[in-house]
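Enquirer: Have a look at this prediction, sequence included:
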Amino acid sequence: MSIITDYLVIGSGIAGLRFALDAAKTGTVSIVTKKEKSEGSTNYAQGGIASVLDPDDSFDLHIKDTLTSGVGICHEDIVRIVVQEGPERIHELVSMGVGFSQQAGPKKMFDLGREGGHSKRRIVHTKDLTGREVEKRLLERVAEDQNIRMYENHMAIDLITKSTLVRRGIVTQQTDQSCWGAYVLDVATGDILTFLARITILCSGGAGKVYRYTSNPDIATGDGVAIGFRAGAKVANMEFVQFHPTSLYHSLAKNFLISEAVRGEGGILLDKKGNRFMEAYHPLKDLAFRDVVARSIDMELKKSGDHCVYLDISHRGKEFIVNRFPHIYETCLSYHIDITQEPIPVIPAAHYMCGGLLTDEHGRTNLENLFAIGEVACTGLHGANRLASNSLLEALVFARRAALKSARELTDKKQEIFPQAPEWDPGSATDSEELVVVSHNWDEIRRFMWNYVGIVRTNKRLARAKRRVENIQEEIKEYYWNFLVSLDLLELRNLALVAELIITCASLRKESRGLHFNLDYPSPDNKFWRQDTVIRK
Ligand code: SIN
């Protein structure tokens, strides 16, 4: 079955929804999302959105903090755009009904939080449930819009490009690199739909599930990067995987983040004996940049042989803690940890992908008609290490910029006739009876990525990981062509490709910078490596 739409949005987090709301003013929008619409990373974001909203703060300071965090490879023009357009995007969210926490008192003023690497309080938040509030309000607006249709439990398989059409004999020459929509699996029925779109926007989030320990939800399997790369889009900086220093360490807790805002409000990192250790690593101590804190914890754990370190906020008192961090308090309590009385056991976990599909200042990739926004994109904002709470900001700013740009492009494209894309051809594929292949390979990838391509890397470890991922990809290829596609298989295929891209970028960068730390090249090399790592199929 074919569905024709002006805009095809792949992903339903803050970037996709915010884009859809603007795009719907100029055309029809189809949003495909592989699980329920609110299952993305946005929904789990606790911290908030960084922006200059206090008279005592300035654009220059936010720009400076972002550049310092990015260790020399942020694109300064992009940093400037994002920081300067931020306040307007926040006020738009307020006008859409998002309820950010306010200071006590008669004046209506945001209760601005602080996080690592920020020289000022500048994080707007809704207690510790910011993402959930933003997602909820955006979904409400989307539901009211007649021009937007949401397809839940639909997973994009691959983009339809000129080369798809050439391969299938529809056009004979590959004259340009353009995208015309995507093949999409309807997970419930197993049918494969052909979405023909004039503009396609990848905003399917990150890839935390490529690592054994992650703060990300299960959907974060790097689909957008994998789909884009397979179609010929450029990918950059995949070696810069951000490990959040503090995720809850508990055998029953899966993916639970302890927000950096806890340290922003005075939380202190301790070793098992109750000693502070961040003083030994950085003058900003517990509020140092994330790469520094995660690496310091890793070193402490390697030195002591302990399984976790501890984060103590109990000195702030029960009333403050329960009011400011209700979600963290309740969740920890459900694991019998009373954070008003005792320190929280924490370990670092894969949290955010600073690299992704390379875009320009409007979110455009190198493929015509294809945009990428949010975590799936590499805009140049984050450089080698993202400053805390800059990601939702980036998603908002680029959603707006991409909507404006694509609306202008759509006006011309409306005259064009869609190329006739062939229906999906399953060939002689049959139902698989060996799903253990999928689960085994999935586990293996996550394990070797954690052990060999984690917080600290070496050339040997990277080479080992490369050999492993190549073997797994061979197996996946065989499986992919022989059996009918399923959600699990598609995710595994994407996860393996993203693992390969991370290993490739990490192996190319012969230095240590920000989130990429290689013991064989422990220092930055500003002569050769003050640049992005860009790769393409
Ligand atoms: C957090 O709450 O620590 C996450 C914020 C972020 O990753 O920007």
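Expert: On my side now, so go ahead. Numbers count the residues shown, from 1 in each chain.
Enquirer: Can you find the helix or strand in the chain with the smallest mean pLDDT?
Expert: Between all helices and strands in the chain, the lowest mean by mean pLDDT, DSSP states H and E belongs to helix 162-167, at a mean of 66.
Enquirer: Show me what secondary structure element comes after it.
Expert: strand 179-186 (DSSP states H and E).
Enquirer: for that following strand, packing partners?
Expert: Counting contacts by 3 or more C-beta pairs under 8 Å, 6 or more residues apart in numbering; DSSP states H and E, strand 179-186 is packed against strand 2-10, strand 154-161, strand 192-202. Glycine gets a C-beta too; all of them are placed from N, C-alpha and C.
Enquirer: which regions of the stretch 101-250 of the chain lie under the pLDDT threshold?
Expert: 163-176 (pLDDT under 70).
Enquirer: mind redoing it with 80?
Expert: For the stretch 101-250 of the chain, the stretches with pLDDT under 80 are 162-176.
Enquirer: Out of the helices and strands packed on strand 179-186, which is closest to the ligand?
Expert: strand 192-202 (20.6 Å; C-beta to the nearest ligand atom).
Enquirer: near the ligand, which residues of this structure?
Expert: For the chain, the residues in contact with the ligand (C-beta under 6 Å from any ligand atom) are 46-47, 259-261, 352, 388-389, 391.
Enquirer: Grab the two from these that are most spread out in space.
Expert: Within the residues of the chain next to the ligand, two members stand farthest from each other by C-beta to C-beta: Ala261 and Tyr352, at 15.6 Å.
Enquirer: Report the closest residue of the protein relative to the ligand.
Expert: Residue nearest to the ligand within the chain (C-beta to the nearest ligand atom): Gly47, separated by 2.7 Å.
Enquirer: dump the residue contacts of that residue.
Expert: Residues near Gly47 by C-beta atoms under 8 Å, 6 or more residues apart in numbering: 113, 115, 123, 125, 128, 130, 259-261, 388-389.
Enquirer: now, which of the residues you listed lie within helices?
Expert: Counting by DSSP state H, these place 130, 260-261 in helices.
Enquirer: Buried only: go through the residues you listed for me.
Expert: 130, 260-261 (16 or more other C-beta atoms under 10 Å).
Enquirer: May I see those residues organised as JSON lines, with distance to Ile321 added?
Expert: Listed next are these as JSON lines, based on distance: C-beta to C-beta, whole Å:
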{"residue": "Thr130", "distance to Ile321": "17"}
{"residue": "Glu260", "distance to Ile321": "15"}
{"residue": "Ala261", "distance to Ile321": "12"}
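Enquirer: And those residues, which is closest to Gln420?
Expert: Nearest to Gln420, judged by C-beta to C-beta, of those is Thr130 at 44.9 Å.
Enquirer: returning to that earlier point: from the residues of the chain next to the ligand, which single one is nearest Lys414?
Expert: Top of the list for closeness to Lys414, among the residues of the chain next to the ligand and by C-beta to C-beta, is Ser391 at 33.1 Å.
Enquirer: isn't Tyr151 right up against Lys34?
Expert: No: counting by C-beta atoms under 8 Å, Tyr151 does not reach Lys34; the two are 9.6 Å apart.
Enquirer: Give me the more crowded residue out of the two.
Expert: Using other C-beta atoms under 10 Å, the more surrounded residue of Tyr151 and Lys34 is Lys34, with 25 against 20.
Enquirer: With Ile157 as the reference, measure out to that one.
Expert: 11 Å (C-beta to C-beta, to the nearest Å).
Enquirer: Low-confidence stretches in this structure?
Expert: 37-45, 162-176, 414-420, 425-435, 480, 482.
Enquirer: can you map out the helices along it?
Expert: Under DSSP H, the chain gives helices at 14-23, 59-69, 76-95, 130-144, 162-167, 223-230, 260-264, 290-304, 318-324, 326-334, 391-413, 436-452, 459-482, 487-508.
Enquirer: Out of the ones you listed, which is closest to Gly356?
Expert: Proximity to Gly356, assessed across the helices of the chain by C-beta to C-beta, is greatest for helix 223-230 (5.5 Å).
Enquirer: give me the beta-bridge partners of Leu257?
Expert: Here Leu257 sits in beta bridges with Ser247, going by DSSP bridges.
Enquirer: these two touch, right, it and Gln46?
Expert: Yes: counting by C-beta under 8 Å, Leu257 touches Gln46, with 5.9 Å between them.
Enquirer: Report the separation between Ser2 and Ile63.
Expert: According to C-beta to C-beta, Ser2 and Ile63 sit 46 Å apart.
Enquirer: next one: Ser247
Expert: Applying C-beta to C-beta, the value for Ser247 to Ile63 is 29 Å.
Enquirer: Neighbour count for those two, which is higher?
Expert: Under the neighbour definition other C-beta under 10 Å, Ser247 and Ile63 were set side by side, and Ser247 has more, 23 against 18.
Enquirer: Ile344 is in contact with the more buried one, correct?
Expert: No: if you go by C-beta under 8 Å, Ser247 and Ile344 don't touch, sitting 10.1 Å apart.
Enquirer: residues shared between the contacts of those two?
Expert: Ile258.
Enquirer: The residue nearest to Ile4 when sequence neighbours are not counted: what's it in contact with?
Expert: In this structure, Ile4 finds its nearest non-sequential neighbour in Leu196, 4.9 Å apart by C-beta to C-beta, 6 or more residues apart in numbering. Contact analysis of Leu196 by C-beta under 8 Å, 6+ apart lists 2-5, 160, 180-181, 418, 421.
Enquirer: If you rank the residues you listed by neighbours, which is first?
Expert: Using other C-beta under 10 Å as the neighbour criterion, Gly181 leads the contacts of Leu196 with 28 neighbours.
Enquirer: neighbours around the spatially closest residue to that residue that is not a sequence neighbour, how many?
Expert: Nearest non-adjacent residue to Gly181, counting by C-beta to C-beta, 6+ apart: Ala197, 4.0 Å away. Each residue near Ala197 was counted by other C-beta under 10 Å, and the total is 28.
Enquirer: what's Ala197 in contact with, if anything?
Expert: Contacts of Ala197 by C-beta under 8 Å, 6+ apart are 4-8, 30, 180-182, 369.
Enquirer: thinking Gly13 is in contact with Glu39, fair?
Expert: No: using C-beta under 8 Å, Gly13 is not in contact with Glu39, being 9.2 Å away.
Enquirer: The two: which is more packed in?
Expert: Set Gly13 next to Glu39 and count neighbours by other C-beta under 10 Å: Gly13 wins out with 32 against 20.
Enquirer: I'd like the distance between Phe448 and Lys527.
Expert: According to C-beta to C-beta, Phe448 and Lys527 sit 32 Å apart.
Enquirer: quick one: which of the two has more around it?
Expert: For Phe448 versus Lys527, neighbours defined as other C-beta under 10 Å are more numerous around Phe448 (22 against 7).
Enquirer: List the residues that contact the more buried one.
Expert: Per C-beta under 8 Å, 6+ apart, neighbours of Phe448: 464-465, 468-469.
Enquirer: nearest to His336, of these?
Expert: Ala465 (37.0 Å).
Enquirer: got a list of what that closest one touches?
Expert: Contacts of Ala465 (C-beta under 8 Å, 6+ apart): 448-449, 452-453, 499, 503.
Enquirer: How about it, nearest residue that isn't a chain neighbour?
Expert: Nearest-residue entry for Ala465: Tyr452, 4.1 Å, with adjacent residues in sequence omitted and distances by C-beta to C-beta, 6+ apart.
Enquirer: Likewise for Ser41?
Expert: Gly205 (4.9 Å).
Enquirer: Can you give me the neighbour number for that neighbour?
Expert: 32.
Enquirer: begin at 21 from here
Expert: Okay, residue one is now 21; in that scheme the one you just asked about reads as Gly225.
Enquirer: my read: it touches Val396, true?
Expert: Yes: with contact defined as C-beta under 8 Å, Gly225 reaches Val396; the gap is 6.4 Å.
Enquirer: what's Ile522 in contact with, if anything?
Expert: 230, 258-259, 261, 375, 469, 473.
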